[in-house]
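1. one predicted model, sequence on top.
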Amino acid sequence: MSDVVEKRRFKRFEYREEVLVFPVHPTASGSFFEVDLTSFPVHSLDISEGGIRLEWRDDLNPDLLLKLRLKLPQDLTVEIYGKVVWTEGGKAGIRFMVPDETLRHGVRSLPGQRP
């Protein structure tokens, strides 16, 4: 019997796809945010209804905001905002800020649920 307690709210699914990342920056006043028009691709490792784990070359600052463009089953493309919650060893955990039903449905339709 294992003493490990699962803290995750959502189950993870294997998701090894290219994800487009658009950095989000505060404006000069700090009251608003702007999305960079230039994106760059990164590779994902897994995804849940609450977030995604990405391969990342550099350490990122926690709380950094990103806009992500994901391709999910059934030719579904989803854009969602996320916040960096951790980085370690070339990987980053991103928490989705406002996951909608389209994203949740797309994630649940992925094959290969991870324990």
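-> Here it is on my side, so go on.

2. host element of T38?
-> Here T38, judged by DSSP states H and E, is contained in no helix and no strand.

3. show me the contacts for it.
-> Counting by Cβ atoms under 8 Å, 6 or more residues apart in numbering, T38 makes contact with F22. Any C-beta I mention is one placed from the backbone N, CA and C, and that applies to glycine too.

4. and it, what pLDDT?
-> Per-residue confidence at T38 stands at 91 (pLDDT).

5. which residues touch L20?
-> Counting by Cβ under 8 Å, 6+ apart, L20 makes contact with 39-41, 68-69.

6. meant to ask about V19, not that
-> V19 makes contact with 41-44, 52, 54, 68-70 under the criterion Cβ under 8 Å, 6+ apart.

7. quick check: phi and psi at it.
-> When read as degrees, to the nearest 10, the backbone of V19 gives phi -120, psi 130.

8. distance of it from G30?
-> Per Cβ to Cβ, to the nearest Å, V19 is found 28 Å from G30.

9. hang on, isn't S44 packed against L54?
-> Yes - S44 is within contact range of L54, at 5.4 Å (criterion: Cβ atoms under 8 Å).

10. export the contacts of L20 to JSON lines and tack on neighbour count and distance to M97?
-> Putting the contacts of L20 into JSON lines (neighbours: other Cβ atoms under 10 Å; distance: Cβ to Cβ, whole Å) gives the following:
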{"residue": "S39", "neighbour count": "16", "distance to M97": "18"}
{"residue": "F40", "neighbour count": "10", "distance to M97": "20"}
{"residue": "P41", "neighbour count": "10", "distance to M97": "21"}
{"residue": "L68", "neighbour count": "20", "distance to M97": "10"}
{"residue": "R69", "neighbour count": "15", "distance to M97": "15"}
